[in-house]
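Engineer: Sequence and predicted structure, then a few things I'm wondering about:
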Amino acid sequence: MEVNMVEVPDTHEDFKEPPSPQQRFGADVRAVRLGRKLTQKHLATATNYTIPYVSQVESGKFMPSQRFAEGCDKVFGTNGLFAKMRERLQEEDHPQSFLPYVSLERKAASIRRYSGLFIEGLFQTEEYQHAIFRAGHPSASEEIIASKIKARTGRRELLTRERPPKLWSILHEAALHCRVAGREAMHRQLEHLLQMAKRPGIDVQVVPYSAGAEGMHWLAFTVLEFDNEPTVAYMDDPQGGRVYRRPQTVQVCIETFDRFRANALPISRSLELIDIARKDYEA
């Protein structure tokens with residue numbers, strides 16, 4: 001019985017992704033530059049940056065600085081347009097591969113999430129997020145890390161709206177003992193998790209170590225259900241994650257989630273285990 005394998009689609013239908021806000025910014029810079037009949041060297045000199053920097057921004061591979069955006073406005077005579085676009089970039093700083101999921105998550109009626117070794121993103125405190133983003137982006141500036149935290153924290157708004165989605169989160173016991181950001185931070189994180197788990201419409205279960213291979217999966221994944229649209233799945237992967245729409249792939253994710261749920265502790269016992277871990281960090 002293979003529990004840990006999730007089918008990969010054999011077509012490219014699931015892999016179409018829109019350009020990221022960062023890529024759109026770069027494309028707009030290039031379009032205006034060419035419209036003004038300027039070279040990358042002209043723009044680099046006028047904004048006091050290098051040609052490779054301009055090239056990386058235009059290709060969408062580099063997050064532009066606010067100063068560069070303001071410099072573009074001066075060179076192009078665009079009256080603050082690029083500075084405002086840069087501010088919106090910071091507010092919308094999700095990875096490109098995650099943008100389709102964010103759009104779908106906002107209108108989902110039900111969210112089922114297996115998060116494995118990390119606390120579910122919607123339940124993470126800001127200091128927990130900071131530690132994760134800093135580990136994943138060791139060379140990023142604090143401005144970029146802060147923008148990523150703001151983007152992830154902003155997703156919580158869907159849990160406070162008039163008709164929030166039903167959220168069922170399953171995590172492995174290892175997530176309770178993986179010391180992210182230190183003992184005190186983990187104490188606060190688990191305290192926050194318990195508070196979230198007591199909200200109406202939110203269920204949290206823990207797969208214990210004793211479940212063995214039946215409770216293990218190397219990738220986190222989510223199943224989203226809608227009132228008037230087909231169910232979809234989202235799966236993390238080394239390239240950032242993808243939305244899957246093929247019924248066969250979605251069904252595999254649903255069955256895998258159900259198997260984890262069957263091997264998880266009951267909800268009340270799960271909360272007790274989280275509280276025990278919280279008290280251990282407190283001690």
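Structural biologist: That came through, no problem. Here the structure is a predicted model, which means the values were calculated and not measured.
Engineer: so where do the helices sit in the stretch 101-250 of the chain?
Structural biologist: Using DSSP state H, counting those that start in this stretch, the helices of the stretch 101-250 of the chain run over 126-136, 142-154, 174-177, 183-197, 247-263.
Engineer: can you redo the ones you listed as CSV with distance to residue 119 and mean pLDDT?
Structural biologist: C-betas here are computed from N, CA, C, even on glycine. Shown next, in CSV, are these (distance: least, CB to CB, whole Å; pLDDT from 0 to 100):
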stretch, distance to residue 119, mean pLDDT
helix 126-136, 7, 89
helix 142-154, 12, 81
helix 174-177, 6, 90
helix 183-197, 6, 92
helix 247-263, 16, 91
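Engineer: among the ones you listed, which is nearest residue 32?
Structural biologist: helix 142-154 (23.6 Å; CB to CB).
Engineer: which strands and helices sit next to that closest one?
Structural biologist: Applying 3 or more CB pairs under 8 Å, 6 or more residues apart in numbering; DSSP states H and E, one finds that helix 142-154 makes contact with helix 81-91, helix 126-136.
Engineer: same thing but 7 Å
Structural biologist: helix 126-136 (3 or more CB pairs under 7 Å, 6 or more residues apart in numbering; DSSP states H and E).
Engineer: how does the protein divide into domains?
Structural biologist: 21-91, 95-282 (automatic domain parsing).
Engineer: In JSON lines, list the ones you listed along with mean neighbour count.
Structural biologist: As requested, those are exported to JSON lines (neighbours: other CB atoms under 10 Å):
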{"stretch": "domain 21-91", "mean neighbour count": "17"}
{"stretch": "domain 95-282", "mean neighbour count": "17"}
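Engineer: show me what contacts residue 81?
Structural biologist: residue 73 (CB atoms under 7 Å, 6 or more residues apart in numbering).
Engineer: Does residue 234 touch residue 241 like I think?
Structural biologist: Yes: applying CB atoms under 7 Å, one finds residue 234 in contact with residue 241, separated by 6.2 Å.
Engineer: Identify the contacts common to those two.
Structural biologist: residue 101.
Engineer: From residue 151, how far off is residue 62?
Structural biologist: Residue 62 sits 18 Å away from residue 151, taking CB to CB, to the nearest Å as the criterion.
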